[in-house]
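> Any chance you can model this:
(chains A and B)
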Amino acid sequence: MSQLALVIDLNVCVGCHACVTSCKEWNTSGLAGYLSDKRPYDKDPTGTFFNRVQSFEIGQFPKTEMVHFPKSCLHCEEPPCVPVCPTGASYKREEDGIVLVDYDKCIGCKYCSWACPYGARELDEHQKVMKKCTLCVDRIYDQSIVEDERKPSCVLSCPTSARLFGDVHDPDSDVSEKIREQGGYQLMPEWGTKPANHYLPRRKTSLTIHHDELVRADNPLKKEEQLPQPDFDDPSLDDVTSW
Amino acid sequence: MHPAFSVIFLTTLIGLGQGLFLALYTEQVYSILKVLQTQVYIEYFSKASMVSLGLLVLGLIASFFHLGHPERAWRSATQWRTSWLSREVIVLPISMFFIFVYGCIYHFDLNATLFNVGEIPINISLIVGFIATLMTFSLYVSTGMIYASIRFLQEWHSPLTVINYTLIGVASGFTLAAAIASEFAPGLLNFYTGWSIALIIIAFIFRLFSLLRNKNLRPKSTVQTAIGIRHSQIKQISQGSMGGSFNTREYFHGKKESFVHSVKWIFIVMGFILPLLLLISNFYFNDQNILLAAVLIQYIGLLFERWYFFADANHPQNIYYQMIS
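The predicted structure follows:
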């Protein structure tokens, strides 16, 4: 049984919000109804979003580092929002593990939003139903789209490829390999919700260069400067060394 | 959490209604077992049952204001296997039905004795009332478990939530029963006043327990586990949007700390201490207005109690929404 999920690489996310806008664009244009905005150009604008990029400052000024943190539904393997739903509108798909809301069954009681520790669910002001990231379920199986593009909208839009999409249950998939080899982790593991989405941590790539690697120790005459170019007519190195 | 008035009215009104019914049935059991030697106040029983039913109906109506799609509310009875909310939706109308039948038995004087167990006569209202009592208690448990079952809200995730919902509801119901009895069943007045004094004290003790427990809670989730970065100093710079969102509205009461603090003292005084003093003073003054004042003040106090109950709960998702920009 597969479990589709996103793997988000915090090492390369630059916080450009391209995933936020492309998510909104795709999901507001779908058959399931638009993601409503209230007062979009007025005071106190608000609206439904499936995905947000937040920013955190790590460390104490001036020695700080900024981490941009994209946050959407994590499609938990033990989704706490599903069993609390009184109508059965919230469900987790058997075949691919996507957690979805049936907008025709949802009564908008908000109970599932209380039961999600990540705040991944929002009540749509216009449709009065709970909405959340669908992993672009209306896109990833669409046969009319080129196969390469059958991925969530946010993944396609990411300019730094910080968002990866795949089956985390398949040990040979790209995402599983990334989780395995680059220390992928889950959010709030203390609740046992087993989020399917993983995050790859900040990784420092540093190289220690010793002094004797900069200055050749085996060059006592310090002949580091450029050697004179041989003439065109002179035999080349190959002519000399190959018999 | 953001306290929604629909839910505050739902839980307080049905708690009061259930408590009133339990007060009736307690008296009936007492008199059948001959612990209490009184006449049967038929009018009191039929009127008070209807008041109880009316309160449950009002609570049900209030609950609809919480829904985005009230017309689909019937669907919420389907997931009783997993959802306490669904169980409440089922038990509430069943309780209403049996309380209605119970009231009708008295109103139309259908209370025939079916058989005798020893010297105890088992009549129809005793059996119907027993089922209604079971349903009433199931309703208290379901209502409490809706909140207690969410493990992320540590303030709620405790047996104290269910105990408090039950005790507070029963205490307010007995106070109301005393006020109604002062009009229709003066012989039961002391019985109910005594019971409600005892219940208010017990409810108060358990509510103080939960206040103490919540004061010493240590949040399980931190910003470190929330974003998975192991560093002692993490500060949010941006929550991703300049305007508000569902996440900034639904999970926070939006009031100052001092306001929440004063609500706590208001509910302690109005929900417990004042009604207690009024009920005790009624032993000396024996005035119907004192009882009515006790019911009213207690109910308003319990509205504050419920508001505080919601505002007190701190949802872990708030960690992600510390700073607008």
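
> Show the model's pLDDT score for the nearest residue to A:Leu200 once chain neighbours are set aside.
The spatially closest residue to A:Leu200, leaving aside those adjacent along the chain, is A:Asp9, at 4.3 Å (Cβ to Cβ, 6 or more residues apart in numbering or on different chains). For glycine as for every other residue, the C-beta is placed from the backbone atoms N, C-alpha and C. With respect to pLDDT, A:Asp9 scores 97.

> B:Phe285 now?
The predicted structure scores B:Phe285 at 89 on the pLDDT scale.

> and it, how many neighbours does it have?
Other residues lying near B:Phe285 total 11 when counted by other Cβ atoms under 10 Å in any protein chain shown.

> And for A:Thr64?
Other residues within reach of A:Thr64, judged by other Cβ under 10 Å, total 14.

> what helices or strands is whatever helix or strand it lives in leaning on?
With elements taken from DSSP states H and E, the one containing A:Thr64 is strand A:63-72. Counting contacts by 3 or more Cβ pairs under 8 Å, 6 or more residues apart in numbering or on different chains; DSSP states H and E, the secondary-structure elements packed against strand A:63-72 are helix A:18-28, strand A:51-60.

> For these, give me JSON lines that also has mean pLDDT, mean neighbour count and distance to chain B.
Output for these, formatted as JSON lines (pLDDT from 0 to 100; neighbours: other Cβ atoms under 10 Å in any protein chain shown; distance: least, Cβ to the nearest Cβ, whole Å):
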{"stretch": "helix A:18-28", "mean pLDDT": "96", "mean neighbour count": "20", "distance to chain B": "7"}
{"stretch": "strand A:51-60", "mean pLDDT": "95", "mean neighbour count": "19", "distance to chain B": "3"}
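
> so is the residue of chain A found nearest chain B in a helix, a strand, or just coil?
In chain A, the residue that lies nearest chain B is A:Gly108 (2.0 Å; Cβ to the nearest Cβ). When classified by DSSP: H, G, I helix; E, B strand; the rest coil, A:Gly108 comes out as coil.

> Excluding chain neighbours, what is closest to it?
Counting by Cβ to Cβ, 6+ apart, the nearest residue to A:Gly108 once its immediate chain neighbours are dropped is B:Gly68, at 2.0 Å.

> now the one you found: how far from A:Lys24?
Taking Cβ to Cβ, to the nearest Å as the measure, B:Gly68 falls 21 Å from A:Lys24.

> who are the neighbours in contact with the residue sitting furthest away from the middle of chain B?
Note on chain B: the largest C-alpha distance from the chain mean falls to B:His231, namely 43.0 Å (Cα atoms, centre = their mean). Contact analysis of B:His231 by Cβ atoms under 8 Å, 6 or more residues apart in numbering or on different chains lists A:Ile58, A:Gly59, B:Gln224.

> Could you do B:Phe267 as well?
B:Gly301, B:Leu302, B:Phe304, B:Glu305, B:Trp307, B:Tyr308.

> Let me see the confidence value for B:Tyr41.
The predicted structure scores B:Tyr41 at 85 on the pLDDT scale.
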